[in-house]
Each structure stands twice: as C-alpha cells, then as structure tokens.
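Turn this into a model:
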Amino acid sequence: MNLVNKLKNIRPETLALLLAVLWLILISVLRFTLHSHIQGKTRLKVGYLPITCHLLLPVAMERDEFFKRGVMPVKFTSWPDMIESVKGGELDAALILAPIALSMMDQGVPVEIALLGHRNGTGLVVSSAESIRGVRDFRGKTVAIPIRFSTQNLALLTLLRKNNVDIHQVKRVELPPPDMPSALASGAIDGYIVGEPYAMQARVMGVGRIFRQISAIWPGFISSVLIVRKDALKKRRKDMNALIRGLYLQGRWVEKNRAEAADIAAKFFSLSPRLIRLVLLSKEVSYINILPEKSEFREIGKKMVRYGLLKRIPELWIYDKWR
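Now for the predicted structure:
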C-alpha cells in the first residue's frame, strides 16, 4: 500500500492533527534558523563597556528599529579583552578609548574612527580619607587609571606636569572602571581618574570626592570613540552607515531627554538609575559635537608620543562617508 492509500485510511481528525504538528515543527525550525542567522551572522557586533561614553548604544537599542533588528551589543568589563576581540575580527565595531584606537592604527589594525562617544564626562576622584587639597599633594600617592592607553591617563600626566609634579612620584595602577570605587573604599588606592558613572559613584558611596572635573583639565575632552573595521565597511557599508548615523542622532535626543536616557542606560548597563541620572542631569557630559576631527586626534597622538605610548603619530583614518 503506497503513502497516498495510507493517508486515505487515516481518520480526518488524526490527519488534521498530524498536519498541525508538522506545521508547528516547520515554523519552529524556520524561526530557529532565522534567529540563529540574525544573532550569529547578520547582526553587526558592537563592543561596549557600561560607561556613559557608551550610553548612545543602549539608547539606540531602545529607540532605533535598525538597532533592534540589526545590532548585537557585546559587553566587556575590561579594555584588554575588547582590544583582542577587535584585533581578532570578532567585532564589526566598538566603542573604545581614543588612544587605543590610535595605537591600533599604528599597529596596522584595519579600523577607522567614525564618531565620538561623548565629550567630557570624566572625573579625577580622591579618597575622603585623604587630605589631598592641591595637585602637589598627589606626590607619593597611588592613583588608578583605566589603562595606560587612555586619555584619562594622558590627562592625569598633563595635570601633574603642568603643576611641576614629577610623574614618577605618583604611582599609577590600571584597574577596570567598575572596580575603582571599591578599591578606593578599601584604601588600596588614594584616588582614580575615570569616565562616568564611576567618578560619581564614589560620591554616592560616600568614599570619595571629585577633585577635578575633566573639563577643567582638558576642555572638550574625548574619552571613547566608535571605531569600525574596514572589512565590515567593505562588506556592509549600508548597515555600517545606519549604525553610525543612528548613534549620532541619538546624541541629539539624549541632550533633550537626559532623565529618560539615564533610565534606559541604567537598565541596559544594570546600574543604579539614580546614579546615571545624577551624572546626566549634572550636564558634565555632552552628547553633541561628537564628529571626529583629525586635529584633536593629532593632539592626543602628540601626548602619547610625549609619554612614550607611541613612537610616532600614525596616519589617522576618519570615516565620514555616512554623513
């Protein structure tokens, strides 16, 4: 008896149930295949850390339809891990510290700078237990920095040098930003310089105070930038342009909706909404004027050369074809 005859002998109710089950299986397979394709192959992978100079990413993920369907945020807790992921081609783009971007260019890593994360939004924090009143009081102290290849490190060195403090008299240690407030509270360090919200967090915890806002040390300060891999640009220029444009436009929205943006970012970063609100409503951080200019990166490059982080300023690759 062939398959057709067998099907004829099946009761209509049983046949309908069988077809329904087969249909559900087919739909499940198609959904799984589509989900896997979106998650693992077609979505642009963008690296970030839970800091306010990466806040445009969670806002875009909440408000921009392209981001919802076409971007996969990849969270990191340390810069070295993100660096390796960019170099290995595991990310299509990343929000990363500006000096790291310049160092990558110097090493021949195929990346271009497309956008700034924001301006300012960094604080030099000192322990409430320390009697640090002036810059010269940092002599003999231990100050944490995010990584040597950071504009936070360059800003600290510039401040010390400007005030005639030998940089070798201040011990600098590298710490991931989320670990800095607890290290200050334990007395392991005397201060730290970091992007928000971790400067504000010391005040909220009652363990430290902001000695200087970065705007007083380096006006128009740049912390993180959005870098994009050239191979991703070549293969998916339209999507990459949508990514960059989307982040840029969210910056304008954040400036007018800081409280709402803080709530979005706090949920995304798994941080205190009150903490992020305090940062954004203080307006020490700016999300306008975030188009990269070569002159500013040459200045960063000069400081890197001065402090032995680069031998020369590399050729600067700025991607602006999305504008």
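
And for the host helix or strand of residue 101, what's in contact with it?
Counting by DSSP states H and E, the element that carries residue 101 is helix 98-106. Contacts of helix 98-106 from elsewhere in the structure, counted by Cβ atoms under 8 Å, 6 or more residues apart in numbering, are 79, 83, 86-87, 111, 113, 147, 149-151, 153-154, 222-225, 227, 297, 300-301, 304, 309-317. Glycine gets a C-beta too; all of them are placed from N, C-alpha and C.

Could you tell me which of those residues count as buried?
In terms of neighbour count (16 or more other Cβ atoms under 10 Å), the buried residues within the contacts of helix 98-106 are 79, 83, 86, 111, 113, 147, 149-151, 153-154, 222-225, 227, 297, 300-301, 304, 309-310, 313-314, 316-317.

Could you tell me which of these are located in strands?
111, 113, 224, 225, 227 (DSSP state E).

export the residues you listed to JSON lines and tack on distance to residue 48 and pLDDT?
Supplementary listing: these in JSON lines, determined by distance: Cβ to Cβ, whole Å; pLDDT from 0 to 100:
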{"residue": "111", "distance to residue 48": "15", "pLDDT": "98"}
{"residue": "113", "distance to residue 48": "16", "pLDDT": "98"}
{"residue": "224", "distance to residue 48": "9", "pLDDT": "98"}
{"residue": "225", "distance to residue 48": "12", "pLDDT": "98"}
{"residue": "227", "distance to residue 48": "12", "pLDDT": "98"}
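
okay, among those residues, which ones form the most distant pair?
Based on Cβ to Cβ, the longest span within those runs between 111 and 224 and measures 13.5 Å.

Can you check what pLDDT the model gives the residue nearest to residue 163 when sequence neighbours are not counted?
Once its chain neighbours are removed from consideration, residue 163 has its nearest residue in residue 135; the separation is 3.9 Å (Cβ to Cβ, 6 or more residues apart in numbering). If you check residue 135, the pLDDT there is 97.

hmm, back to that, how far does the helix holding residue 101 sit from the chain's center?
Its chain's C-alpha centre lies 15 Å from the corresponding centre of helix 98-106 when counted by Cα atoms, centre = their mean, to the nearest Å.

Next: stretch 215-228.
Taking mean C-alpha positions (Cα atoms, centre = their mean), stretch 215-228 and its chain are 12 Å apart.

What of stretch 205-224?
Remark: stretch 205-224 is offset 18 Å from the chain centroid, using Cα atoms, centre = their mean.

Going by neighbour count, which residues of that stretch are buried?
So stretch 205-224, judged by 16+ other Cβ under 10 Å, has buried residues 207-215, 217-218, 221-224.

residues in contact with residue 113?
Taking Cβ under 8 Å, 6+ apart as the definition of contact, the neighbours of residue 113 are 98, 101, 225, 226, 227, 292, 297, 316, 317, 318, 319.
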